[in-house]
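Enquirer: could you look at this predicted model? Sequence included:
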Amino acid sequence: MSAPERFLKRLNARRGEDPSWVAARRQAGAARFEALGFPTRRDEEWKYTDVRRIAEGDFALATDAEFDATRFDAQRLDIDAYRLVLVDGRFNPGLSELDGLPAGVSIEPLSQAIEANHEAVGGALGRLAGVDFSPFTALNTAFADEGAIVRLAAGTVVDKPIYLLMLSRANDQPVMSHPRVLVEAGARCEATIIEHYVGEPEAANFTNVVSEILLDRGAMIDHYKLQEASLADLHVASIHIEQGRDSRFNSFNLNLGGALVRNDLVTELNAEGAETHYNGLFFVQGRQHVDNHTLVNHNAPRTFSNENYKGILDDRAHGVFNGKVMVKRDSQQIEAYQNNANLLLSDRAEIDTKPELVIYADDVKCSHGATTGQLDENAVYALRTRGIDEPMARALLTLAFAGEVMEQVRLSAVAERVERAVAGRLPERFNLSDLVETAEAVQEA
């Protein structure tokens with residue numbers, strides 16, 4: 001039995017009858033996945049990422065959403081938010097907090113939309129991330145029966161973040177989940193959305209998530225993807241964004257966990273005045289592998305994109321960055337900037353980076369670049385002369401390297417998680433922001 005057949009046999013274990021539009025999508029996803037199979041390193045888009053750990057895995061489907069409530073507070077962000085919680089891809093209403101939603105805001109699990117046979121949801125699902133995008137989006141389409149549907153009416157300003165928390169348990173048998181997230185942002189609405197992936201330390205599951213975010217004219221969305229999965233979890237994510245006129249999308253793609261991680265981030269700038277900002281940071285250790293692929297399509301004139309990704313790699317970790325900006329024909333007077341900088345903390349760590357610009361217009365402002373280096377030993381010494389021991393000096397300089405991305409993060413709960421992961425827990429007598437400023441000043445001197 002081939003790997004695709006082995007995965008798809010789990011479809012027969014699903015219970016319940018699907019509406020006709022759901023069944024048709026499942027069949028299309030299953031057929032496409034079976035035809036494509038899992039990607040290999042012979043595929044250019046997967047040249048540096050080996051997914052055999054996924055393809056050869058034996059993953060069950062979760063049958064419940066139980067989670068130890070005493071562990072919940074330690075896993076979630078300490079933030080006041082509207083919260084929807086999935087446990088191994090299953091909706092947990094007890095851990096969710098969806099009461100008191102303001103007028104114009106709708107947040108519901110995908111299962112409820114399917115149960116209610118909301119064909120309007122079906123019309124939007126798959127519009128941006130179809131079964132042809134990758135084998136993993138096809139696999140997600142075949143299995144997706146849970147996730148989150150977020151609808152924001154025109155002119156709505158959401159007063160606190162929308163928090164989508166995905167918890168991964170330590171199971172007797174590893175499980176797979178295929179959450180689907182759909183965000184429809186009406187004209188001139190404003191919201192912050194958090195996708196947070198975290199789990200128990202012993203979890204060894206496979207998460208394959210697809211998110212589609214549609215911004216109407218003038219909509220403004222801040223989107224945080226904070227990935228803190230266990231160091232044995234396998235994580236594949238595909239995020240697709242479509243932007244209308246004068247819309248603004250801010251992406252914060254922050255990766256700290258996972259054994260094998262692949263992120264695809266694709267934005268379609270479809271009308272004048274649309275702008276997108278990609279802020280990315282990945283911090284990997286041990287034998288972690290994180291692969292970030294990004295694509296910005298400038299499909300209309302007078303659009304703007306700015307991308308800044310930073311990687312920090314220690315031990316024998318491996319990072320991949322492939323960022324592409326595509327300027328379509330007649331998309332004049334656009335601006336597109338892209339930068340990838342990487343810090344290697346070990347001589348055994350490895351980074352493969354490939355920034356790309358493809359331009360079919362002539363009145364544009366575009367630039368791209370990539371750098372890779374190590375900590376400045378003179379800066380380490382300078383901090384030590386200020387009474388800071390060597391491990392702390394190295395941690396602070398590492399955090400200072402991440403500062404250009406982190407200073408864009410507006411949510412303190414998210415920033416604190418990342419800072420603690422990068423720099424460790426600092427002694428009480430130290431003020432983190434003051435020490436980072438000192439480290440930055442030393443580097444600039």
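Expert: That came through fine.
Enquirer: where are the low-confidence patches of the stretch 51-200 of the chain?
Expert: In the predicted model of the stretch 51-200 of the chain, residues 117, 119-120, 122 satisfy pLDDT under 70.
Enquirer: now with 80?
Expert: By pLDDT under 80, the weakly predicted segments of the stretch 51-200 of the chain are 117-123.
Enquirer: list the residues that contact the nearest residue to Ala62 once chain neighbours are set aside.
Expert: Spatial nearest neighbour of Ala62, chain neighbours left out: Asp88 (3.7 Å); criterion: Cβ to Cβ, 6 or more residues apart in numbering. Placement of C-beta: from N, CA and C, glycine included. Contact partners of Asp88, counting by Cβ atoms under 8 Å, 6 or more residues apart in numbering, are 62, 65, 167-169, 171, 175, 177, 205.
Enquirer: do Glu56 as well
Expert: Ala3.
Enquirer: again, only using 10 Å
Expert: Contacts for Glu56 (Cβ atoms under 10 Å, 6 or more residues apart in numbering) come out as 3, 6, 38.
Enquirer: just give me the closest of those residues to Glu146.
Expert: Distance to Glu146 across these (Cβ to Cβ) is lowest for Arg6, with 21.8 Å.
Enquirer: hang on, Ala142 packs against Phe33?
Expert: Yes: applying Cβ atoms under 10 Å, one finds Ala142 in contact with Phe33, separated by 5.9 Å.
Enquirer: what sits in contact with each of those two?
Expert: 4, 7-8, 131.
Enquirer: most widely separated two among those residues?
Expert: Checked with Cβ to Cβ, the shared contacts of Ala142 and Phe33 reach their widest spread between Phe7 and Val131, with 14.6 Å between them.
Enquirer: what strand or helix carries the closest residue to Leu77 other than its chain neighbours?
Expert: Leaving aside its chain neighbours, Leu77 sits nearest to Ala413 (4.4 Å; criterion: Cβ to Cβ, 6+ apart). Assigned by DSSP states H and E, Ala413 falls within helix 412-423.
Enquirer: what's the answer for Ala103, then?
Expert: Under the criterion DSSP H and E, no helix or strand holds Ala103.
Enquirer: and for it, the neighbour number?
Expert: Using other Cβ atoms under 10 Å, Ala103 has 6 other residues around it.
Enquirer: what distance do you get for it to Leu36?
Expert: 43 Å (Cβ to Cβ, to the nearest Å).
Enquirer: with Ser305 instead?
Expert: Ser305 is 29 Å from Leu36, by Cβ to Cβ.
Enquirer: need phi/psi at Ala300.
Expert: With angles defined as degrees, to the nearest 10, Ala300 sits at phi -140, psi 160.
Enquirer: ok so, going back, top of the contacts of Glu56 by neighbour count?
Expert: Highest neighbour count within the contacts of Glu56, by other Cβ under 10 Å: Phe38, with 19 neighbours.
Enquirer: ok, it to Pro135 distance?
Expert: Here Phe38 is placed at a distance of 6 Å from Pro135 (Cβ to Cβ).
Enquirer: which residues are common contacts for these two?
Expert: 4, 46, 51, 55.
Enquirer: how about the second one: what's its closest non-neighbour residue?
Expert: Meaning Trp46. Nearest residue to Trp46, sequence neighbours excluded (Cβ to Cβ, 6+ apart): Pro39, at 4.1 Å.
Enquirer: count the residues that sit near that neighbour.
Expert: The burial count for Pro39: 20, using other Cβ under 10 Å.
Enquirer: and it, that's in a helix?
Expert: No: with DSSP: H, G, I helix; E, B strand; the rest coil as the criterion, Pro39 is assigned coil and is not in a helix.
Enquirer: show the contacting residues for it.
Expert: By Cβ under 10 Å, 6+ apart, Pro39 lies in contact with 45-47, 49-51, 54-55, 134-136, 262.
Enquirer: again, only this time at 7 Å
Expert: If you count contacts by Cβ atoms under 7 Å, 6 or more residues apart in numbering, Pro39 has them with 46, 51, 135.
Enquirer: from Ser106, how far out is it?
Expert: According to Cβ to Cβ, Pro39 and Ser106 sit 36 Å apart.
Enquirer: now swap in Arg245 and tell me
Expert: 24 Å.
Enquirer: and these two? Which one has more around it.
Expert: Arg245 (18 against 13).
Enquirer: assign a three-state SS to that one, would you?
Expert: Per three-state DSSP, the local secondary structure of Arg245 is coil.
Enquirer: what about the helices in the stretch 1-150 of the chain?
Expert: Listed in chain order, the helices of the stretch 1-150 of the chain (DSSP state H, counting those that start in this stretch) span 3-8, 20-36, 52-55, 69-75, 110-115, 119-124, 135-143.
Enquirer: could you chop the chain up by domain?
Expert: Split into domains by automatic domain parsing, the chain comes to 3-271, 377-445.
Enquirer: what's the distance between Leu375 and Ala415?
Expert: In this view, Leu375 and Ala415 are 22 Å apart by Cβ to Cβ.
Enquirer: same question, Val380
Expert: 24 Å.
Enquirer: repeat for Val158
Expert: According to Cβ to Cβ, Val158 stands 20 Å off from Ala415.
Enquirer: so these two - more neighbours on which side?
Expert: Comparing Val158 with Ala415 by other Cβ under 10 Å, the one with more neighbours is Val158, at 22 against 17.
Enquirer: which residues does the spatially most central residue of the chain contact?
Expert: Centre of the chain computed as the mean C-alpha position; nearest residue by Cα atoms, centre = their mean is Lys225, 4.1 Å away. Each residue near Lys225 by Cβ under 7 Å, 6+ apart is listed here: 195, 239, 252-254.
Enquirer: at 8 Å instead, please
Expert: If you count contacts by Cβ under 8 Å, 6+ apart, Lys225 has them with 195, 197, 237, 239, 251-254, 263.
Enquirer: pLDDT value on it, please?
Expert: Note on Lys225: pLDDT of 98.
Enquirer: what are the buried residues along the helix or strand Pro355 falls within?
Expert: Using DSSP H and E, Pro355 sits in strand 350-359. Residues 350-351, 353, 355, 357, 359 are the ones in strand 350-359 that count as buried (16 or more other Cβ atoms under 10 Å).
Enquirer: that one pairs with which strands, parallel or anti?
Expert: strand 318-327 (parallel) (DSSP bridges).
Enquirer: give me the residues contacting the helix or strand following the strand it pairs with.
Expert: For strand 318-327, the succeeding helix or strand toward the C-terminus, using DSSP H and E, is strand 334-344. Contacts to strand 334-344, defined as Cβ under 8 Å, 6+ apart, come from residues 296, 298, 301-313, 319, 321, 323, 325, 327, 351, 353, 355, 357, 361, 364-375, 398, 401.
Enquirer: quick one on the thing from earlier: buried among the contacts of Pro39? Need that as a selection in PyMOL.
Expert: A single PyMOL command selects the buried members of the contacts of Pro39 (16+ other Cβ under 10 Å):
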select buried, resi 46+51+135
